[in-house]
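Q: based on what follows, work out the 3D shape:
(one chain, ligands or ions: 2)
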Amino acid sequence: MTFETKQEILDWYENQPRALTDDFIRNIPWNSVKDHAFDRKFIPVLLYMRDVETLTDMYYRELRRTPTGRDPVISKFMERWGIEEVTHGEVLNRFLNEIGVETDDMWQTQVRRSVSTGYNVNAYIITMLTNLIGSKFTATHMTFGAIHEMTTAQSYRQLMDLADHPVLTTILKGIIREESAHTQFYWSVARLELRKNDIAKKLARFVIENFYYPVGQGSKPRAQTEYTIATLFGEGGGLDSLETTITQRVQQLPGFGDVTKITDTIGRICRENAPQLNSA
Ligand SMILES: [Fe+2]
Ligand SMILES: [Fe+2]
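A: Ligands and ions are numbered 1, 2, ... in the order given. Model (predicted):
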């Protein structure tokens with residue numbers, strides 16, 4: 001799909017039906033979750049993913065204070081996007097409950113509260129800087145967003161294959177459908193914004209090459225990010241799959257023809273964390 005305006009991209013997105021409707025969630029065979037084996041090493045991974053999904057609204061609030069978030073098309077997208085991500089967190093939490101991981105009624109509030117002040121200060125500085133640079137930063141935001149959505153979707157695919165739990169598979173297939181629509185939105189807007197001018201292109205590339213971090217890092221402790229990545233991508237051809245699902249797609253963006261930063265970063269985390277995981 002090739003779009004020529006942001007409005008066309010938004011129209012496309014708004015035409016996508018939700019995968020995780022109330023009906024879909026009600027019809028998940030929750031009662032049979034316990035009938036299937038589930039390797040407990042994936043519990044911290046699910047908790048991490050649940051928390052990152054839940055923290056989306058914090059990121060959304062930050063972004064609304066920047067020129068990107070004030071763009072009428074992008075903010076319209078973000079209204080629905082924010083709701084979808086929160087649903088992902090809720091469904092994952094329900095799955096955790098069904099496999100016997102108890103969570104408090106206030107878990108969402110606790111997740112938001114647990115974000116370090118360091119992160120909040122950082123977010124404030126970034127918001128300030130972004131406002132100084134203005135709308136030329138939109139391309140960077142959108143590229144970052146596209147990469148985060150792609151890596152999230154790929155993480156869910158890996159989890160689906162490795163955990164091999166039929167009910168989790170049903171849930172993750174629904175989530176992945178929504179993540180793919182998010183990717184399409186971010187990626188398409190990034191492409192248009194990067195094409196607009198050279199400064200935006202250089203800035204986006206500079207930021208990704210120097211400041212790319214895996215989704216959730218910063219708001220969640222580094223050790224949790226690394227455990228999740230190493231568990232999901234350290235085995236089963238995980239790294240090879242990133243090449244086609246992420247790197248090659250990022251390289252199609254204007255100015256990103258030879259960028260390998262994402263695969264490099266994830267590969268490094270897998271290598272550095274392999275010994276600890278194997279001895280765990
Ligand atoms: Fe999500
Ligand atoms: Fe998403």
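Q: shouldn't Val101 be in contact with Ile43?
A: Yes - Val101 is within contact range of Ile43, at 6.0 Å (criterion: Cβ atoms under 8 Å). For every residue, glycine as well, the C-beta is placed using N, CA and C.
Q: so which bits of this protein are right by ligand 1?
A: By Cβ under 5 Å from the ion, the residues of the chain that approach ligand 1 are Glu53, Glu85, His88.
Q: in the stretch 101-250 of the chain, which residue sits nearest ligand 2?
A: With Cβ to the ion, the shortest gap between the stretch 101-250 of the chain and ligand 2 falls at His182, namely 3.7 Å.
Q: please enumerate the helices of the stretch 101-250 of the chain.
A: 107-113, 117-133, 138-163, 166-196, 198-211, 222-233, 238-242, 248-250 (DSSP state H, counting those that start in this stretch).
Q: next, the contact list for Asp71, please.
A: By Cβ atoms under 8 Å, 6 or more residues apart in numbering, the contact set of Asp71 is Lys6, Ser135, Thr138.
Q: filter these down to the buried ones.
A: Lys6, Thr138 (16 or more other Cβ atoms under 10 Å).
Q: looking at the contacts of Asp71, which is nearest Leu20?
A: Lys6 (25.2 Å; Cβ to Cβ).
Q: quick check, pLDDT for the closest one.
A: Per-residue pLDDT puts Lys6 at 96.
Q: correct me if wrong: it contacts Ala190.
A: No - counting by Cβ under 8 Å, Lys6 does not reach Ala190; the two are 10.8 Å apart.
Q: wait, the residue of the stretch 101-250 of the chain closest to ligand 2 sits on Gly82?
A: No - when contacts are counted by Cβ under 8 Å, His182 is not listed as touching Gly82 (10.7 Å).
Q: who has more neighbours out of the two?
A: Neighbour tally, His182 and Gly82, criterion other Cβ atoms under 10 Å: the higher count belongs to His182, 23 against 17.
Q: ok, the more buried one - contacts?
A: Trp81, Glu84, Gly145, Glu149.
Q: equivalent analysis for Val115, please.
A: Taking Cβ under 8 Å, 6+ apart as the test, what Val115 contacts is Leu55, Met58, Ser219.
Q: kindly recompute the last result at 6 Å.
A: Ser219 (Cβ atoms under 6 Å, 6 or more residues apart in numbering).
Q: flag every residue of the stretch 101-250 of the chain that's near ligand 2.
A: Contact residues, the stretch 101-250 of the chain versus ligand 2 (Cβ under 5 Å from the ion): Glu149, Glu179, His182.
Q: grab the nearest non-local neighbour of the second one.
A: The shortest distance from Glu179 to any non-neighbouring residue, by Cβ to Cβ, 6 or more residues apart in numbering, is to Ala153 (3.9 Å).
Q: pLDDT below threshold where in this protein?
A: In the predicted model, the chain carries pLDDT under 70 at residues 116-126, 128-129, 131-132, 275-280.
Q: tell me which residue of it lies closest to ligand 1.
A: His88 (3.8 Å).
Q: helices or strands up against the strand or helix carrying Phe95?
A: In this assignment (DSSP states H and E), Phe95 forms part of helix 72-98. Counting contacts by 3 or more Cβ pairs under 6 Å, 6 or more residues apart in numbering; DSSP states H and E, helix 72-98 packs against helix 6-15, helix 43-54, helix 56-63, helix 166-196.
Q: gap between the nearest residue to Thr56 once chain neighbours are set aside and Leu232?
A: Using Cβ to Cβ, 6+ apart and skipping the chain neighbours, the partner closest in space to Thr56 is Glu85 (3.7 Å). According to Cβ to Cβ, to the nearest Å, Glu85 and Leu232 sit 19 Å apart.
Q: what's near enough to touch the closest residue to Lys196 other than its chain neighbours?
A: Nearest residue to Lys196, sequence neighbours excluded (Cβ to Cβ, 6+ apart): Ala139, at 7.2 Å. Under the criterion of Cβ under 6 Å, 6+ apart, the neighbours of Ala139 are Glu193, Leu194, Ala200, Ala204.
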